[in-house]
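Colleague: sequence isn't available, so here's the structure alone:
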């Protein structure tokens with residue numbers, strides 16, 4: 001009885017810590033995206049991603065050496081991490097490339113279809129079950145994506161496909177994360193993934209400039225190495241610190257609390273981003289963006305609610321492994337089978 005009584009407050013404390021971390025991480029990512037949107041033009045997109053990677057490596061590498069243990073500079077899982085880096089580099093380059101053409105709330109709403117893609121990819125490649133409730137929720141969620149994108153409407157832009165493609169590449173990277181499971185620390189995974197993006201971003205920028213005619217509207221995609229001034233250098237450093245802090249907070253949130261509890265709070269990013277974009281640039285989300293946002297969030301919360309009710313998930317303790325867990329992805333240890341219940 002004493003053990004049970006002590007367990008409940010401990011779990012409650014971990015839940016509060018997890019929610020605080022995911023909300024703090026959401027604000028960090030909003031701040032990161034606001035900075036990218038503001039800096040685009042003064043610096044090309046490729047430089048912003050490269051600067052963020054450099055700052056992260058300069059912080060993470062000494063931290064890994066200092067902590068030791070499971071945190072390691074070299075990992076035998078490096079091929080998986082580099083594939084993840086390739087997916088995330090290309091994906092978020094597309095995400096940020098859409099910023100000059102679309103309001104932040106619209107870009108973010110389309111990107112938050114990623115958990116829907118994760119559900120489909122998990123069924124295809126991880127053998128996870130998809131019952132009628134989940135299939136119905138996915139249909140509703142993707143209907144929300146179509147409403148937000150408004151294809152066929154006069155306001156539709158083909159550039160809206162960029163955040164959708166980012167969602168797909170992000171989902172694929174999270175499926176690889178599931179395969180890594182508890183076999184890697186979040187710091188090591190971050191070092192290889194974020195550091196790898198700094199190496200890959202320049203060849204990607206060269207390829208884009210070789211294929212796409214660089215008109216004035218694509219000025220933010222020009223392949224140009226601009227030596228930053230002192231003020232810009234400080235902003236680039238801050239961009240890297242804010243982005244890395246958000247990454248660590250989000251990882252920590254899923255390490256200390258159950259994913260079913262934490263995942264709904266991921267969506268705090270969307271109203272945070274909408275409010276920040278309105279405050280700084282006067283951007284007001286269109287009605288179709290708000291309607292799509294509501295359907296996407298509702299569908300994904302319903303999937304999470306169904307998952308929370310599942311007996312096998314309800315009895316699962318909070319993950320404590322040193323893993324990188326992203327939206328809706330539960331921790332999986334090396335000696336545990338892949339869960340056959342959903343990932344949300």
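Modeller: Thanks, I have it. Just so it is clear, the model here is predicted, and its values are computed rather than measured. Residues are numbered from 1 along each chain as shown.

Colleague: pLDDT below threshold where in the stretch 151-300 of the chain?
Modeller: 152-156, 181-182, 255, 258-261, 263 (pLDDT under 70).

Colleague: would you map the helices across it?
Modeller: Assigned helices in the stretch 151-300 of the chain, in chain order: 161-180, 186-211, 230-256, 259-262, 269-281, 287-309 (criterion: DSSP state H, counting those that start in this stretch).

Colleague: got TSV for those, with mean neighbour count too?
Modeller: C-beta: built from backbone N, CA, C; applies to glycine. Compiled in TSV, the helices of the stretch 151-300 of the chain are given as follows (neighbours: other C-beta atoms under 10 Å):
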stretch	mean neighbour count
helix 161-180	21
helix 186-211	19
helix 230-256	20
helix 259-262	23
helix 269-281	18
helix 287-309	19
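
Colleague: residue contacts, residue 120?
Modeller: Counting by C-beta atoms under 8 Å, 6 or more residues apart in numbering, residue 120 touches 138, 171.

Colleague: again with residue 100
Modeller: By C-beta under 8 Å, 6+ apart, the residues touching residue 100 are 40, 41, 217, 220.

Colleague: filter those down to the buried ones.
Modeller: Buried members of the contacts of residue 100, scored by 16 or more other C-beta atoms under 10 Å, are 40, 220.

Colleague: could the contacts of residue 100 go into TSV alongside distance to residue 70?
Modeller: Listed next are those as TSV, based on distance: C-beta to C-beta, whole Å:
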residue	distance to residue 70
40	37
41	41
217	47
220	39
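
Colleague: separation between residue 228 and residue 28?
Modeller: Noted for residue 228: a distance of 22 Å to residue 28, by C-beta to C-beta, to the nearest Å.

Colleague: make that residue 198, sorry
Modeller: In this view, residue 198 and residue 28 are 19 Å apart by C-beta to C-beta.

Colleague: and the helices of the stretch 151-300 of the chain: which comes nearest residue 59?
Modeller: Proximity to residue 59 (C-beta to C-beta) singles out helix 230-256 among the helices of the stretch 151-300 of the chain, at 6.2 Å.

Colleague: tell me the angle that closest one makes with helix 269-281.
Modeller: 160 degrees (axes from the mean of the first three to the mean of the last three C-alpha atoms, to 10 degrees).

Colleague: and the angle for helix 230-256 with helix 186-211?
Modeller: Orientation of helix 230-256 against helix 186-211 (the same axes, to 10 degrees) gives an angle of 130 degrees.

Colleague: from the contact counts, what lies against helix 230-256?
Modeller: Helix 230-256 sits against helix 2-39, helix 45-67, helix 186-211, with contacts defined as 3 or more C-beta pairs under 8 Å, 6 or more residues apart in numbering; DSSP states H and E.

Colleague: quick one, the longest one and helix 45-67 angle?
Modeller: What that stands for is helix 2-39. In terms of direction (the same axes, to 10 degrees), helix 2-39 departs from helix 45-67 by 150 degrees.

Colleague: buried residues, helix 2-39. List them.
Modeller: In helix 2-39, counting by 16+ other C-beta under 10 Å, buried: 14-15, 18-37, 39.

Colleague: before we move on, what SS does residue 102 have?
Modeller: coil (DSSP: H, G, I helix; E, B strand; the rest coil).

Colleague: next, the contact list for it, please.
Modeller: 157, 159, 160, 163.

Colleague: can you flag the buried ones in those?
Modeller: Buried, going by 16+ other C-beta under 10 Å: 159, 160, 163, out of the contacts of residue 102.

Colleague: test my guess that the second one contacts residue 113.
Modeller: To tie it back to what came earlier, the one meant is residue 160. No. The pair residue 160 / residue 113 is not scored as a contact, 11.5 Å apart, by C-beta atoms under 8 Å.

Colleague: who's in contact with residue 121?
Modeller: So residue 121 contacts 171, 172, 175 (C-beta under 8 Å, 6+ apart).

Colleague: ok, the second one - contacts?
Modeller: Just to be clear, that refers to residue 172. 87, 117, 121.

Colleague: same question for the last one.
Modeller: Residues in contact with residue 175 (C-beta under 8 Å, 6+ apart) are 118, 121, 122, 125, 126.

Colleague: same thing but 6 Å
Modeller: By C-beta atoms under 6 Å, 6 or more residues apart in numbering, the contact set of residue 175 is 121, 125.

Colleague: please tell me how far it sits from residue 218.
Modeller: For residue 175 relative to residue 218 (C-beta to C-beta), the value is 31 Å.

Colleague: how about residue 291: what's its closest non-neighbour residue?
Modeller: residue 147 (5.3 Å; C-beta to C-beta, 6 or more residues apart in numbering).

Colleague: pull the number of nearby residues for that neighbour.
Modeller: For residue 147, the neighbour count with other C-beta atoms under 10 Å is 21.

Colleague: low-confidence ranges in the stretch 1-150 of the chain?
Modeller: Applying pLDDT under 70 to the stretch 1-150 of the chain picks out residues 1-12.

Colleague: how near is residue 44 to residue 202?
Modeller: Applying C-beta to C-beta to residue 44 and residue 202 gives a distance of 11 Å.

Colleague: next, show the common contact partners of these two.
Modeller: In contact with both residue 44 and residue 202: no residue, using C-beta under 6 Å, 6+ apart.

Colleague: please name the spatially closest residue to residue 104 (chain neighbours excluded).
Modeller: residue 277 (4.1 Å).
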